[in-house]
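Enquirer: sharing a sequence plus its predicted fold:
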Amino acid sequence: MRRQKKPYRTSGTIPEKFVIEKKLYSAMEKVYDPELHIPITRLGMVKTITADSKTVSILIHITSPTCPAVDKIKQRVTDAASAVCPEHDIKIEIGVMSHQERQNLKEVLNLQKRSNPFKESKTRIIAVTSGKGGVGKSTIVSNLGVGLARMGFSVSVIDADVYGFSIPRMFGIDEDFIPQRENGMIMPANKFGVKLISIGMFMRRRGAVAWRGPLLHRTINQFLCDVNFADPDILLIDMPPGTGDAAITIAQLLPNSEVLVITTPQIVAADVAIRSGQFALSVKQNIIGVVENMSSCPESKLDIFGHGGGKFVAEFLDKQCKKESTAKDNRITNPHEAIDLITCIPLDVNIRKSGDEGVPLLVENKYEGSPGHTALKELYEKIALKLYG
């Protein structure tokens with residue numbers, strides 16, 4: 001009778017090679033794609049992991065040969081593998097996904113849609129609001145974005161004013177420009193170092209949008225979830241007037257967003273700006289400050305829009321914030337961090353001209369030292385200090 005071969009045994013232990021490879025895979029589960037903020041294992045990017053006594057080899061598949069995040073991904077994988085095997089030689093090989101792998105990735109992304117796409121991101125989100133139209137929110141957003149980008153921050157802008165979009169014109173985006181899709185993601189425009197998306201890029205500039213609330217919600221949600229902003233340091237949202245559908249959508253989708261309130265010196269505008277700020281406080285959004293736009297003209301004693309509106313808004317909201325901070329479920333501004341008037345931006349014809357010409361004032365050095373340039377510079381420097389200390 002032939003003796004049956006005994007199965008291979010390892011004295012009751014798993015071979016060290018498999019133990020190491022399992023640890024390496026566990027480490028890869030903690031490596032996040034820098035753009036999608038999802039573990040690379042969940043995205044199907046980790047194809048093979050092999051290890052011997054001296055070398056660790058990992059094959060990573062990316063979506064396309066021109067993937068802008070490939071260097072970051074490679075470095076993150078290397079760091080994670082080195083933490084597990086500090087004495088090993090780490091070799092990372094990069095390949096490209098097949099058509100089927102890309103289809104699988106799209107399915108994962110569709111399932112991964114979250115209520116807050118920036119929840120696991122370090123991105124600071126600022127909704128620029130006023131409650132009232134015509135106070136210069138888009139002007140503030142465009143120059144604030146350019147100023148922060150010139151400081152070295154990666155900045156993106158969402159034009160959430162679907163009915164009254166201005167961002168494409170203020171950044172000089174060509175009317176023929178249409179955002180393209182790459183691997184299921186919308187690629188934003190990039191101008192003056194700022195990434196941009198607006199409904200105005202998908203229709204004729206003077207066309208009208210006649211949508212009800214659900215379509216507005218869906219559009220803003222798509223801008224947040226489907227546009228490839230590549231994990232910016234700062235995301236600015238140019239809000240429409242009022243505290244309606246758009247404001248509610250942003251508060252629901254981005255509970256970690258902060259609010260910058262814009263007003264003019266006029267008390268009528270200030271009253272409406274206060275309502276906008278009160279809405280932010282009611283949904284537990286942090287108000288980082290108030291900006292008074294269209295202040296008194298340089299070289300003129302005539303206050304066209306009156307004076308004191310910005311200070312009035314800041315003081316009112318600061319008092320309101322301190323009252324709210326006593327609530328049991330408080331998640332709003334630290335009561336010791338006053339809601340202050342950050343700056344007053346004067347009526348400066350060059351600010352208006354630069355917006356009409358599609359080149360924000362801060363882009364061109366020829367305006368340096370002018371009243372408008374000085375005030376806008378103060379704005380972005382103070383915002384950077386508030387965000388990053």
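Expert: Structure's in. What do you need? Because the structure is a prediction, the values reported are computed rather than measured.
Enquirer: contacts, neighbours, all on C-alpha from now
Expert: OK.
Enquirer: partner strands of the strand ranked longest in the chain, with direction?
Expert: Longest strand of the chain, by residue count under DSSP state E: strand 286-295. In the sheet, strand 286-295 lines up against strand 258-263 (parallel), strand 341-346 (parallel) (DSSP bridges).
Enquirer: what is the mean pLDDT for whichever helix in the chain runs longest?
Expert: Of all the segments of type helix in the chain, defined by DSSP state H, the longest one is helix 371-388. Taken as a whole, helix 371-388 has an average pLDDT of 95.
Enquirer: that one - contacts with which helices or strands?
Expert: Packing contacts for helix 371-388, counted by 3 or more CA pairs under 8 Å, 6 or more residues apart in numbering; DSSP states H and E, involve helix 137-150, strand 341-346.
Enquirer: re the thing from before, go through the strands paired with strand 286-295 and pick out the most buried.
Expert: Among these, ranked by average contacts under mean count of other CA atoms under 10 Å, first place goes to strand 258-263 (a mean of 26).
Enquirer: okay, now the unreliable bits of this structure?
Expert: 1-15, 110-116, 204-214, 297-302, 324-336 (pLDDT under 70).
Enquirer: how about stretch 76-93: buried residues?
Expert: By 16 or more other CA atoms under 10 Å, the buried positions in stretch 76-93 come out as 76-82, 85, 88-90, 92.
Enquirer: of those, closest to residue 190?
Expert: Nearest to residue 190, judged by CA to CA, of these is residue 76 at 26.2 Å.
Enquirer: isn't the closest one right up against residue 28?
Expert: No - using CA atoms under 8 Å, residue 76 is not in contact with residue 28; the gap is 9.0 Å.
Enquirer: which residues touch residue 147?
Expert: 362, 377, 380 (CA atoms under 8 Å, 6 or more residues apart in numbering).
Enquirer: which of those count as buried?
Expert: Buried among those (16+ other CA under 10 Å): 362, 377, 380.
Enquirer: contacts only, for the first one.
Expert: Yep, that's residue 362 we're talking about. 143, 146-147, 368, 373, 376-377.
Enquirer: list the contacts for the residue nearest the centre of the chain?
Expert: Nearest to the mean C-alpha position of the chain, by CA atoms, centre = their mean, lies residue 235 at 3.0 Å. Contacts for residue 235 (CA under 8 Å, 6+ apart) come out as 123-126, 155-158.
Enquirer: separate out the buried members of the residues you listed.
Expert: Burial by neighbour count, judged by 16+ other CA under 10 Å, picks out 123-126, 155-158 from the contacts of residue 235.
Enquirer: all strands for the stretch 1-150 of the chain, in order.
Expert: Assigned by DSSP state E, counting those that start in this stretch, the strands in the stretch 1-150 of the chain fall at 46-51, 55-62, 89-96, 124-129.
Enquirer: what's the local residue count around residue 254?
Expert: For residue 254, the count of nearby residues is 19 (other CA atoms under 10 Å).
Enquirer: now it: how far from residue 224?
Expert: Residue 254 is 9 Å from residue 224, where distance means CA to CA, to the nearest Å.
Enquirer: identify the contacts common to these two.
Expert: With contacts defined as CA under 8 Å, 6+ apart, the residues adjacent to both residue 254 and residue 224 are residue 117.
Enquirer: I'd guessed residue 314 sits against residue 341; true?
Expert: Yes - using CA under 8 Å, residue 314 is in contact with residue 341, at 5.6 Å.
Enquirer: shared neighbours of these two, which are they?
Expert: In contact with both residue 314 and residue 341: 289-290, using CA under 8 Å, 6+ apart.
Enquirer: list the contacts of the closest residue to residue 356 other than its chain neighbours.
Expert: In space, residue 356 comes closest to residue 170 once its chain neighbours are excluded; the distance is 6.3 Å by CA to CA, 6 or more residues apart in numbering. Contacts for residue 170 were tallied using CA under 8 Å, 6+ apart; they are 138-139, 142, 354-360.
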